[in-house]
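*Asks:* Model the structure of this input:
(one chain, ligands or ions: 1)
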Amino acid sequence: MIDLYYWTTPNGHKITIFLEEADLPYRLIPVDITKGAQFEEEFLDISPNNKIPAIVDHEPEGSAGPISVFESGAILLYLATKTDRFLPEDLYHRTQVLEWLFWQVAGLGPMLGQNHHFSQYAPEPIPYAIERYRKETERLYGVLDNRLAGQTYIDDHYSIADMACYPWIVPHEKQGIDLNDFPNLKKWFETIASHPAVQRAYARAEEIDSNSVMDDQAKAILFGQGRR
Ligand SMILES: N[C@@H](CCC(=O)N[C@@H](CS)C(=O)NCC(=O)O)C(=O)O
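*Replies:* Next up, the predicted model:
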């Protein structure tokens with residue numbers, strides 16, 4: 001059994017998508033990051049960067065004890081290796097998938113996150129920052145759109161690269177993006193949205209009472225962190 005330490009955010013959805021696609025049994029453990037649950041000792045032991053997602057695989061084959069993993073890219077890689085699914089064995093395609101997985105965790109996620117922060121949450125509008133991240137978001141959408149020209153998925157087959165990118169495209173409207181401007185990406189987005197496993201993954205999010213508003217206390221917790 002796998003425990004998934006989770007909140008209903010794009011990085012959390014990546015992992016429920018994998019687990020549903022691979023039909024692996026798992027237990028959701030909500031970590032309400034708007035209330036500071038990410039700073040509890042038990043969670044920090046697993047995820048020292050105080051961020052979801054993280055997993056604990058309690059009975060991994062070939063290991064003397066449980067294995068915990070933090071960082072969504074590392075988790076996807078772990079799960080793909082464990083199940084031998086959604087990551088090609090062939091060196092060429094494996095490298096392609098890993099390139100785009102790393103592109104997502106190092107670029108798409110952080111930049112879209114900053115876009116969201118400065119357009120929705122900053123206490124005062126900072127036009128330079130809003131413009132900087134809006135343009136970077138458009139650039140990244142363009143890069144992915146180009147990659148998807150003539151392809152159903154990011155690589156030849158559906159992979160952990162698609163699972164990593166898709167949840168970040170779901171809030172495209174909040175990011176100021178019109179998907180019609182990125183036709184290859186739009187087609188890919190609709191294909192993945194139609195996967196029953198992806199729909200099940202988002203349905204799991206509904207089980208969690210995540211209606212906690214981004215009030216001043218939540219903002220202070222999430223955006224006011226210094227060294228602990
Ligand atoms: N690079 C990390 C990013 C994870 C991340 O940013 N998680 C956010 C939610 S999407 C979080 O837990 N934030 C809590 C905090 O910053 O205290 C990953 O890919 O797993």
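*Asks:* ok, for Arg134, nearest residue in space, not its chain neighbours?
*Replies:* Spatial nearest neighbour of Arg134, excluding adjacent residues (C-beta to C-beta, 6 or more residues apart in numbering): Gly176 at 5.5 Å. For the C-beta atoms, the positions are set from N, CA and C on the backbone; glycine is no exception.
*Asks:* since we're on the nearest residue to Lys51 once chain neighbours are set aside, how many residues are nearby?
*Replies:* Ranked by C-beta to C-beta, 6+ apart and with sequence neighbours excluded, the top spatial neighbour of Lys51 is Gln38, at 6.4 Å. Residues within reach of Gln38, counting by other C-beta atoms under 10 Å, total 22.
*Asks:* ok, now how distant is Gln38 from the ligand?
*Replies:* 5 Å (C-beta to the nearest ligand atom, to the nearest Å).
*Asks:* Just say helix, strand or coil for the residue lying farthest from the centre of the chain.
*Replies:* In the chain, Ala64 marks the outermost C-alpha relative to the chain mean, sitting 29.2 Å out by C-alpha atoms, centre = their mean. Secondary structure for Ala64, judged by DSSP: H, G, I helix; E, B strand; the rest coil, is coil.
*Asks:* Mind giving me the packing neighbours of the helix or strand where Arg134 lies?
*Replies:* Following DSSP states H and E, one finds Arg134 within helix 127-147. Helix 127-147 sits against helix 109-116, helix 183-193, with contacts defined as 3 or more C-beta pairs under 8 Å, 6 or more residues apart in numbering; DSSP states H and E.
*Asks:* who touches the next helix or strand after that helix?
*Replies:* Downstream of helix 127-147, the next assigned helix or strand under DSSP H and E is helix 160-169. With contacts defined as C-beta atoms under 8 Å, 6 or more residues apart in numbering, helix 160-169 is touched by 10-11, 13-14, 17-18, 21, 72-73, 76-77, 79-80, 86-87, 96-101, 104-105, 108-109, 112, 141, 144, 153-155, 179, 185, 188-189, 192-193, 198.
*Asks:* Taking these, please make a ChimeraX selection of just the buried ones.
*Replies:* Per 16 or more other C-beta atoms under 10 Å, the buried members of the contacts of helix 160-169 correspond to this ChimeraX selection:
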select :10,11,13,14,17,18,21,72,73,76,77,79,80,86,87,96,97,98,100,101,104,105,108,109,112,141,144,153,154,155,179,185,188,189,192,198
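*Asks:* which of the contacts of helix 160-169 are close to the ligand?
*Replies:* Filtering the contacts of helix 160-169 for proximity to the ligand by C-beta under 6 Å from any ligand atom leaves Asn11, Ser72, Gly73, Val105, Gly109.
*Asks:* now the last one: how far from Pro167?
*Replies:* Okay, so that is Gly109. Distance, Gly109 to Pro167, using C-beta to C-beta, to the nearest Å: 9 Å.
*Asks:* Which residues of the protein lie near the ligand?
*Replies:* Applying C-beta under 6 Å from any ligand atom, we find that the chain lies next to the ligand at 9, 11, 33, 38, 50-53, 71-73, 105, 109, 222.
*Asks:* can you do 8 Å?
*Replies:* Proximity of the chain to the ligand is confined to 7, 9-12, 14, 31, 33, 38-39, 49-53, 70-75, 105, 109-110, 113, 221-222, 225 under the rule C-beta under 8 Å from any ligand atom.
*Asks:* Can you give me the neighbour number for the nearest residue to Gly36 once chain neighbours are set aside?
*Replies:* Residue nearest to Gly36 in three dimensions, not counting chain neighbours: Ile221, with 4.9 Å by C-beta to C-beta, 6+ apart. Ile221 has 17 neighbouring residues, counting by other C-beta under 10 Å.
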